[in-house]
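In: The sequence isn't on hand, but the structure is:
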C-alpha cells in the first residue's frame, strides 16, 4: 500500500494532467456531438450555430495536443539535463510561506541570462533561463524561454541527445 501511495505522490502532476485531459476530451466530444445535431436541424439559424459551434472542438483539440506535446518535450529535456547533471539546483532562500525570496531569484537569474547570451543556440541554457524566470515569478517569460528551448531541442542533430 505504501508503494502505491509513493507512486501516486511521484506522479501526482501526471495524474492531474490525465484527469483534466480526460474531462476536456469529454467536453470536446459532447461539443462535437451537439454541433453535429445542430447542423442536422432544418432551421438555417440552427445550422449556422452548429457550424460556428463546430470550431470549438477543433480549436480545443489543437490546443490540448499542443500543450501535451509541450509538456512531454519539457519533461524529456529535464530528464536529459538531470542525467547530465545540468539541472539548476534549487538553493534559493524561501519566505516562511514557502515563496522564493525575489531578490535572491533575481540575482540567480542574472547568471542564467549571461549563460544564455553566451550560448544562444544551446537548448540547455534556454531551459535553465526558463527555470530562472519561473523562480523570479515571471511566468510569461519563463514559458517563452521554454518554448525557445523546445524549438532548439527539436532542431538539434540526432547525435546531440
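Out: Noted; the coordinates are in hand. Predicted model only: the values in this text are computed from it and were never measured.
In: contacting residues for residue 8?
Out: residue 15 (CB atoms under 8 Å, 6 or more residues apart in numbering). For the C-beta atoms, the positions are set from N, CA and C on the backbone; glycine is no exception.
In: Name the helix or strand for it, please.
Out: Assigned by DSSP states H and E, residue 8 falls within helix 2-10.
In: again with residue 67
Out: helix 44-84.
In: Show me what secondary structure element comes after that helix.
Out: Helix 44-84 is succeeded, C-terminally, by helix 102-118 (DSSP H and E).
In: by contact count, what packs against that following helix?
Out: helix 123-135 (3 or more CB pairs under 8 Å, 6 or more residues apart in numbering; DSSP states H and E).
In: So which residue of the chain lies furthest out from the middle?
Out: residue 42 (42.7 Å; CA atoms, centre = their mean).
In: Distance of that residue relative to residue 50?
Out: 12 Å (CB to CB, to the nearest Å).
In: repeat for residue 66
Out: 25 Å.
In: same question, residue 156
Out: For residue 156, the distance to residue 50 - CB to CB - is 45 Å.
In: How far does the helix holding residue 8 sit from its chain's centre?
Out: 23 Å (CA atoms, centre = their mean, to the nearest Å).
In: Now do the same contact list for the most centrally placed residue in the chain.
Out: Nearest to the geometric centre of the chain sits residue 71, at 4.1 Å (CA atoms, centre = their mean). Taking CB under 8 Å, 6+ apart, we find residue 71 in contact with residue 17.
In: any idea of the angle the helix holding residue 67 forms with helix 123-135?
Out: 110 degrees (axes from the mean of the first three to the mean of the last three CA atoms, to 10 degrees).
In: Surely residue 35 is in contact with residue 48?
Out: No - at 11.1 Å, residue 35 does not count as touching residue 48 under the criterion of CB atoms under 8 Å.
In: Let me see the domain layout of this structure.
Out: Following automatic domain parsing, one finds the domains of the chain at 2-69, 102-155.
In: Nearest to residue 79 among these would be which one?
Out: domain 102-155 (11.4 Å; CB to CB).
In: any idea which helix or strand comes after the least confident helix or strand in the chain by mean pLDDT?
Out: Least confident helix or strand of the chain, by mean pLDDT, DSSP states H and E, is helix 2-10 with a mean of 77. With elements assigned by DSSP H and E, the helix or strand that comes after helix 2-10 is helix 12-39.
In: sorry, back to before: and the pLDDT at the residue nearest to the centre of the chain?
Out: Residue 71 is assigned a predicted lDDT (pLDDT) of 93.
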